[in-house]
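# this one's structure only:
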């Protein structure tokens, strides 16, 4: 029998030092207050639905693929109180596979979650194209623009990590300089990921070392947990990381701005333990007024005794503060062009696949 996998419900925007839990009581409270609960489904959830459907779509298949928690949870929620949102995951799949996944998703929901078969504000897209070996360059120009800031930032980070022999603090300074010079923007998530990735300090068993391991697994290693050797592997790591960050951004944006005029309580449903670990370290602030606008990274007291952590934090804060006054809009088309320039540089610096 297949070993059960853990399903995570992740709240990206939350109050400091809190760990929100999603349950039917929260959903019912949201409904009573006129707020819609939205569940953004990660790609791995849809893949498990596909496999359950192809296996026969019985309750045994649902349990075999560890989807029983999701079905039981949604079945206990008030009618028309939760919106299932698989669209972000479909957009990150090869189009040919996304179309098959959409059909299996509908088959799964129709049988096991009939009350969710027709979501009022859902839209249905048809997908056509590749069925595998999908990456940033296969996206439409519009989707490339959305992912480009994160994707290009992560490529800068990976190139510096694996092709520079500079000291950790010099690597971090180099990254900040390159992000400003090429993208003309800074994102706290990507900058903090890099700050932990470049670090070479940390004692076994400390929170700092554990955070370094989590971020390295998520944003600097292949799915087999290896150091990338080829351009294809580097590009895939950056693409997967950018997709994770985009999913987080989407949840935060829904919390902050709502959807179609309706206030949202947005959560991510995923089987990705690494993403859940990352979100336990990084999250957006929910202060009731600027929800989803500002991110924070949990800091550890031990870091204040290490020069790298003090110096890198000072560099980051100085640069962020100096740029806040500019308030320039992000040029996504420019970011998309920079992303393609970075792809060319990666292919030049790394061996072909």
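Cool, got the structure. What you see is a predicted model, and the numbers here were worked out from it, not measured in a lab. Numbers count the residues shown, from 1 in each chain.
# Once you drop chain neighbours, what's closest to residue 228?
residue 234 (4.7 Å; Cβ to Cβ, 6 or more residues apart in numbering). C-beta: built from backbone N, CA, C; applies to glycine.
# Also residue 83?
residue 38 (4.6 Å).
# in the stretch 201-350 of the chain, which spans are helices?
207-219, 231-257, 273-281, 307-324, 332-349 (DSSP state H, counting those that start in this stretch).
# which one of those helices is the most hemmed in?
Highest mean neighbour count of the helices of the stretch 201-350 of the chain: helix 231-257, a mean of 22 (counted as mean count of other Cβ atoms under 10 Å).
# Sketch out the low-pLDDT regions of the stretch 201-350 of the chain for me.
Within the stretch 201-350 of the chain, the set of residues satisfying pLDDT under 70 comprises 201-206, 256, 283-300, 324-327.
# let's see 90
For the stretch 201-350 of the chain, the stretches with pLDDT under 90 are 201-218, 221-226, 244-246, 248-264, 272-310, 312-331.
# before we move on, the earlier item: rebuild the helices of the stretch 201-350 of the chain as JSON lines, extending it with distance to residue 181.
Below are the helices of the stretch 201-350 of the chain laid out as JSON lines (distance: least, Cβ to Cβ, whole Å):
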{"stretch": "helix 207-219", "distance to residue 181": "22"}
{"stretch": "helix 231-257", "distance to residue 181": "19"}
{"stretch": "helix 273-281", "distance to residue 181": "27"}
{"stretch": "helix 307-324", "distance to residue 181": "12"}
{"stretch": "helix 332-349", "distance to residue 181": "10"}
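# just so I know, which of those helices lies nearest residue 15?
Among the helices of the stretch 201-350 of the chain, helix 231-257 comes nearest to residue 15, with 11.9 Å by Cβ to Cβ.
# That closest one vs helix 207-219, what angle?
Relative orientation of helix 231-257 versus helix 207-219 (axes from the mean of the first three to the mean of the last three Cα atoms, to 10 degrees): 110 degrees.
# shift numbering so it begins at 40
New numbering, starting at 40: the last item is helix 270-296.
# Can you check what angle separates helix 270-296 from helix 371-388?
160 degrees.
# Run the angle between helix 270-296 and helix 312-320 for me.
On the basis of the same axes, to 10 degrees, helix 270-296 is oriented at 50 degrees to helix 312-320.
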